[in-house]
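Engineer: Can you look at this prediction? I've put the sequence above it.
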Amino acid sequence: MEMVVDFPGGARVDAHFGQYTISTDQPPMGGGEGAYPTPFATFLASLATCAGIYVLGFCRQRGLDTSGIRLVQRNQSNPLNGMVEDVEIEIQVPPDFPEKYYSALVRSAEQCAVKKHLENPPKFKVHTEPVSK
């Protein structure tokens with residue numbers, strides 16, 4: 001998959017791939033307008049939404065109602081370097097959700113592809129290439 005990133009103005013940085021565009025911005029204190037989430041917030045959201053896709057799939061396969069289910073992600077950062085050290089994802093279910101599925105919901109959320117990529121990170125190669133006119 002190829003992703004093209006451009007700079008539409010201000011502190012905005014947008015990523016385009018396929019038919020989609022993901023817009024990011026910086027908060028006003030970082031020189032932006034805060035019109036979109038930061039790239040890092042988008043990355044963190046990808047963890048919770050990816051886990052959510054797996055929870056949704058688990059429920060759909062079993063005909064379980066997803067009304068009232070939500071995931072809450074809490075990130076703990078190291079105060080010395082600001083790096084995220086711990087990510088907790090809590091799956092909240094309504095009182096009538098069958099308890100026998102609780103651990104299976106956790107196992108399904110743990111299958112998240114974003115999480116698996118963090119556990120086995122890819123190699124990065126960053127380089128500069130002049131664009132032909």
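Structural biologist: Structure's in. What do you need? Note that the structure is predicted; figures quoted are calculated from it, not measured.

Engineer: Residue 101: neighbouring residues, count only.
Structural biologist: 15 (other CB atoms under 10 Å). C-betas here are computed from N, CA, C, even on glycine.

Engineer: Could you report the pLDDT at the closest residue in space to it that isn't next to it in sequence?
Structural biologist: In space, and not counting its chain neighbours, residue 101 is closest to residue 64: 6.9 Å by CB to CB, 6 or more residues apart in numbering. We have a pLDDT of 97 for residue 64.

Engineer: just residue 25 next, same as before
Structural biologist: 98.

Engineer: Can you verify my assumption that it contacts residue 40?
Structural biologist: No: taking CB atoms under 8 Å as the definition, residue 25 is not a contact partner of residue 40, at 11.8 Å.

Engineer: So for those two, which sits in the more crowded spot?
Structural biologist: A direct count of neighbours by other CB under 10 Å for residue 25 and residue 40 places residue 25 higher, at 23 against 10.

Engineer: How many neighbouring residues does the residue nearest to residue 101 have?
Structural biologist: 17.

Engineer: got a list of what the most centrally placed residue in the chain touches?
Structural biologist: With distances taken as CA atoms, centre = their mean, residue 46 lies nearest the centre of the chain, 0.9 Å away. The contact partners of residue 46, taken as CB atoms under 8 Å, 6 or more residues apart in numbering, are residue 114.

Engineer: Just the element for it, please.
Structural biologist: Assigned by DSSP states H and E, residue 46 falls within helix 39-62.

Engineer: so where do the strands sit in the chain?
Structural biologist: 4-9, 12-17, 20-24, 70-77, 84-92 (DSSP state E).

Engineer: domain parsing for this structure?
Structural biologist: Taking automatic domain parsing as the criterion, the chain consists of the domains 1-36, 38-119.

Engineer: Out of the ones you listed, which is closest to residue 128?
Structural biologist: domain 1-36 (13.8 Å; CB to CB).
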